[in-house]
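Enquirer: dropping the sequence and predicted coords here.
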Amino acid sequence: MRASWRQRIRFALAELLYGSSGRLRRAAPVIRSRRPNAVYVLGLHRILNPEQQRRAHSLPGMVMRATTFARLLEFLGQNFRVISLDEFLSGDREPSNGRPACLITFDDGWRDNYTTAFPLLLQHRLPATIFLATGFIGTDRTFWPEQLLRAWQDPALREQIRQRAVQAGCKAHSEPEAWIECLKHMPAARREDILRPLTEGIGGANGDAMLSWEEAAEMARAGIRFGSHTVTHPLLTYEDEATVMRELSDSRQQIETKLQQPVRAFAYPNGNWNPQVREHVKEAGFACAFTVRSGVHRAQDDLLTVRRFLLHEGCVVGRDGNFSAAVTRFRLAWGR
Ligand SMILES: [Zn+2]
């Protein structure tokens, strides 16, 4: 992989500020541990071994390699006090030996969270929270961006996607990523109309499978906590009030029934929230809700719009393509 100029600048700055021989190391704002009760909430999606990586269709921003994740956990264990969701909610966020608190979260409920991430979390004895889009759990269905990326490999389907997306007002693009970005920002029902030929044209989840309820239950017994991520994963800022309330309460109820644990945490799909959506989350009885706005969560910050650092392979590896503590520190100190 050739690094873009942006990546090259990031590598150089990370090395200068946080590398072992970094010349500005002493002056760099370290992971900002001195702020009282600051929590670094990390947001991940998929953790894949090489075989899973070959079969998956997710965008690079959704994915981290298992070997990188293992190194990340080692780094977190050494530099942070990794807390559970229960500790986060009870306000127990004190640093320990100068190590700030950190909460590990996953969005969506991908099967690889069970097959690949869970054994590594157990090995490192670190707690984590998974936000489930409950309508997909225990089914053969997967998310529309993965379906779109899979359909993109078929020229006939690709042409259909193009035509229909342009008719729906998207600008013509050559990269599927740009189509996905355009198709994200609309009510789910409208998108379903546009993408129907695609969903009819391709089959089940294949390499993009979601968790079963049995897998989730096994993880719950081992201490993994679960939160809601709606039922069907719509961007809530584009949906009407009744839909938002239904998505919130149904997903919560399903998790509570299936896993027999109270659900108090929510993660906004794609991080999309506004004051009305936030109010509905509060009405639905959630104690905290997570966005994808980058930054540290501080003691006085709103618990219904908690910031998170989204992490994927590209933002924690260095020039050589392997996990880099310097690049990760840079990401967590600067949000880039
Ligand atoms: Zn999501």
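Expert: Ah, there it is. The model shown is predicted, which means the values in this text are computed figures rather than measured ones. Numbers count the residues shown, from 1 in each chain.

Enquirer: now residue 234: closest residue in space that isn't a chain neighbour?
Expert: residue 188 (3.9 Å; Cβ to Cβ, 6 or more residues apart in numbering). Where C-beta positions appear, they are placed from N, C-alpha and C, glycine not excepted.

Enquirer: residues contacting that neighbour?
Expert: Listed by Cβ atoms under 8 Å, 6 or more residues apart in numbering, the contact set of residue 188 reads 232-235, 238-239.

Enquirer: list only buried entries from these.
Expert: Neighbour counting with 16 or more other Cβ atoms under 10 Å marks 232-235, 238-239 as buried within the contacts of residue 188.

Enquirer: dump the residues you listed to JSON lines, plus pLDDT.
Expert: Shown next, in JSON lines, are the buried ones among the contacts of residue 188 (pLDDT from 0 to 100):
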{"residue": "232", "pLDDT": "97"}
{"residue": "233", "pLDDT": "97"}
{"residue": "234", "pLDDT": "97"}
{"residue": "235", "pLDDT": "97"}
{"residue": "238", "pLDDT": "97"}
{"residue": "239", "pLDDT": "97"}
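
Enquirer: format the residues you listed as TSV; extra columns: distance to the ion and secondary structure.
Expert: Below are these laid out as TSV (distance: Cβ to the ion, whole Å; DSSP: H, G, I helix; E, B strand; the rest coil):
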residue	distance to the ion	secondary structure
232	11	coil
233	6	coil
234	10	coil
235	10	coil
238	15	helix
239	15	coil
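
Enquirer: using CSV, write out every CA atom in the worst-scoring helix or strand of the chain on mean pLDDT.
Expert: Every helix and strand of the chain was ranked by mean pLDDT, DSSP states H and E. The lowest is helix 5-18, at a mean of 79. C-alpha atoms of helix 5-18 as CSV (Å, rounded to 0.1, in the frame of the first residue of the first chain):
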residue,chain,number,x,y,z
TRP,A,5,0.7,12.5,1.4
ARG,A,6,-1.7,13.0,4.3
GLN,A,7,-0.6,9.7,5.8
ARG,A,8,3.0,10.5,5.3
ILE,A,9,2.6,13.8,7.2
ARG,A,10,0.8,11.9,9.9
PHE,A,11,3.6,9.3,10.2
ALA,A,12,6.2,12.0,10.3
LEU,A,13,4.4,14.0,13.0
ALA,A,14,3.6,10.9,15.0
GLU,A,15,7.3,9.9,14.9
LEU,A,16,8.5,13.4,15.8
LEU,A,17,6.1,13.7,18.7
TYR,A,18,5.7,10.2,20.0
